[in-house]
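Asks: coords please:
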Amino acid sequence: MIPKFPFFLTLILGGFSAWLWMTDNVMRSISVMLLLPLWLLLMGLWWALRKQGARLRRMGVLMLCAMLFFALFRYDGSADGSAFPSLAWRWQKKEPLPTLHNSTTPPAATAAPAGAMDMPRFLGTKGDGVLPEPEWQTDWKAHPPREVWRVRVGEGWSGFAVSGGRAITQEQRGPEECVTCYDLASGKLLWSHTDEARFDEAMGGIGPRATPTIDVTQGVVFAVGATGLLNCLDLATGAVRWKRETLKDTAAKVNLQWGKSSSPLLSGELVVCSGGDGGTSLIAYRQSDGEIAWKAGDDGGSYSSPVLLTLAGREQIVNINNTSVTGHDPASGEVLWRFDWPGGFPKVGQPVQVTPKRILITSSYGVKSHLLEIKAGGDGKLVATSLWNSSAPRTKFSSASVFGAHAYAADEGTFCCVDLSNGERVWREGRYGFGQQIRVGDSWMLVQAEKGFVTLVKANPERLEEVSRLDALHSKTWNPPTLAGRWLLLRNDTEAVCYEIPAK
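Replies: Predicted structure coming up:
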């Protein structure tokens, strides 16, 4: 006869856990983080207390098992973007990387290799996740990309920005947050800038999150660290021109829970950054000397990066804030329009332009995605209206790519196609996890899977059409890929790799 308590406990908790996973619920990881430990605890107490005369001895055995478990294992952050826990042996340690020091005479970079082009910021030249038509082979079985170099790097989720023969990223090495410059052709470290700063969050990991931004014409690099420190560095040497504390300057109450991850935006003579939790949403500094030019918005920041778009015939900075989306005049920061978008969970995805008047905003954690239309109201001022809201796509860490009447995105870790006329899913397949993607030309997407491999996907509203795959990295990868012409730069929190894709 099956004991009633274990049967009903397993039925209730197991059924709830199965429902979370079968429906791909955004909170499905609690089945492992909370429900499984709860089941083990309650079953252990039932076993220890159910029989009189042996309760004390059984409680001792139960406590000994618990102590042994915690003595052997430690929590090692999230195994993936669903917050599935990763466990490691207590004695298992990562081999430390050497600390870096600012070089007074950095070596010169080699010339940009053949087939390389500048990619000076997060998600492409315009920051919109749209790259030029590929001038390289798309069949990687017949024409495999050549691995040029592979190096160990410090922790962090930053991507690479590329100018000429230099590739720049951010990484954490011990107590130091570093901006590092590598030679694109060889992977050799050219220079590094270090600050005594460290962001460490148990679930999201250690180190800087934002990709640097390069002003190629002025020869400077702008990098925002995970604690909000903005550095303006010389592109050739890494020498400091100026630095600012963005969280202090925006009067943020505290840093964002998961750390600052938004990349700086260059607009004319200004560099624009987002704020922290509370306080000003955006702040603009003069590129020449770091003096504050303007502040705008009162809704704090998010994990998305400000981007320059032209909507309703007017150029503007579009920014996703804590509980809203706003459009700003680039010269003054004046709020041109505002759309309330409440929700207490992180908003990470970039706003994606669909038409000259429409943008797609996406999130997850139960927050609806919206297709917004920006147009002039009766008084001539711009107004934002939601044409539809939908649970798809649930992008969480990444951003959508738009091709005509459809959007393609990671939907809670599974790739999907969404009809932009109504927000409904057309198909959902391809388990790429919580990775990143960029649009290439008129029909391609380069997808960096969370497990480390890279896929080339063709936009097809009828089905998932994966054309090529590259086995590049082999552990959790939340960093965005950088495609600088035919040179593909990938990294995660342990290593970076560079490939040359054969030309057509």
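Asks: how about the nearest residue to the residue nearest the centre of the chain, chain neighbours excluded?
Replies: Among the residues of the chain, the one closest to the centroid is Phe397, at 4.8 Å (Cα atoms, centre = their mean). Computed as Cβ to Cβ, 6 or more residues apart in numbering, the closest residue to Phe397 that is not its neighbour in sequence is Phe434, at 4.9 Å. Just so you know, the C-beta spots here come from the backbone N, C-alpha and C atoms, and that holds for glycine as well.
Asks: that neighbour and Ala83 touch, don't they?
Replies: No: taking contact to mean Cβ atoms under 8 Å, the distance of 10.0 Å between Phe434 and Ala83 leaves them out of contact.
Asks: the more surrounded of the two?
Replies: When neighbours are counted by other Cβ atoms under 10 Å, Phe434 and Ala83 differ, and Phe434 comes out ahead with 21 against 17.
Asks: how many residues are close by His474?
Replies: His474 - counted by other Cβ under 10 Å - has 12 other residues nearby.
Asks: which residues touch it?
Replies: When contacts are counted by Cβ atoms under 8 Å, 6 or more residues apart in numbering, His474 touches 451-452.
Asks: ok, 10 Å please
Replies: Applying Cβ atoms under 10 Å, 6 or more residues apart in numbering, one finds that His474 lies in contact with 451-453, 492, 494-495.
Asks: shaky segments in the stretch 101-250 of the chain?
Replies: Applying pLDDT under 70 to the predicted model, the residue ranges of the stretch 101-250 of the chain that meet it are 101-104.
Asks: and the strands in it?
Replies: All strands of the stretch 101-250 of the chain, identified by DSSP state E, counting those that start in this stretch, fall at 130-131, 146-152, 161-163, 166-173, 176-183, 189-196, 200-201, 205-206, 213-215, 220-224, 229-234, 240-245.
Asks: nearest to Pro96, of those strands?
Replies: Minimum separation from Pro96 across these (Cβ to Cβ) falls at strand 166-173, 8.2 Å.
Asks: what angle do the closest one and strand 229-234 make?
Replies: Computed by axes from the mean of the first three to the mean of the last three Cα atoms, to 10 degrees, the angle separating strand 166-173 from strand 229-234 equals 140 degrees.
Asks: next, the angle from strand 166-173 to strand 220-224.
Replies: Angular relation of strand 166-173 and strand 220-224 on a 0 to 180 degree scale: 30 degrees, by the same axes, to 10 degrees.
Asks: once you drop chain neighbours, what's closest to Glu495?
Replies: Counting by Cβ to Cβ, 6+ apart, Glu495 lies nearest to Arg152, which is 5.5 Å off, once chain neighbours are set aside.
Asks: which residues touch that neighbour?
Replies: If a contact means Cβ under 10 Å, 6+ apart, then Arg152 has 95, 97-98, 171, 494-496 as its contacts.
Asks: so which helix or strand of this structure has the lowest pLDDT on average?
Replies: Confidence across the helices and strands of the chain bottoms out at helix 30, with a mean of 66, counting by mean pLDDT, DSSP states H and E.
Asks: so Leu9 sits in a helix?
Replies: Yes: secondary structure assignment places Leu9 in a helix (DSSP: H, G, I helix; E, B strand; the rest coil).
Asks: output the strand or helix carrying Thr385 as PDB - backbone C-alpha positions only.
Replies: Counting by DSSP states H and E, the secondary-structure element that holds Thr385 is strand 382-390. What follows is strand 382-390, C-alpha atoms only, in PDB (Å, rounded to 0.1, in the frame of the first residue of the first chain):
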ATOM      1  CA  LEU A 382       4.100  63.100 -30.700                       C
ATOM      2  CA  VAL A 383       1.900  60.400 -29.200                       C
ATOM      3  CA  ALA A 384       2.700  56.700 -28.700                       C
ATOM      4  CA  THR A 385      -0.100  54.200 -29.100                       C
ATOM      5  CA  SER A 386       0.000  50.400 -28.700                       C
ATOM      6  CA  LEU A 387      -1.500  48.700 -31.700                       C
ATOM      7  CA  TRP A 388      -1.500  45.300 -30.000                       C
ATOM      8  CA  ASN A 389       0.100  43.600 -27.000                       C
ATOM      9  CA  SER A 390       1.000  40.000 -26.800                       C
END
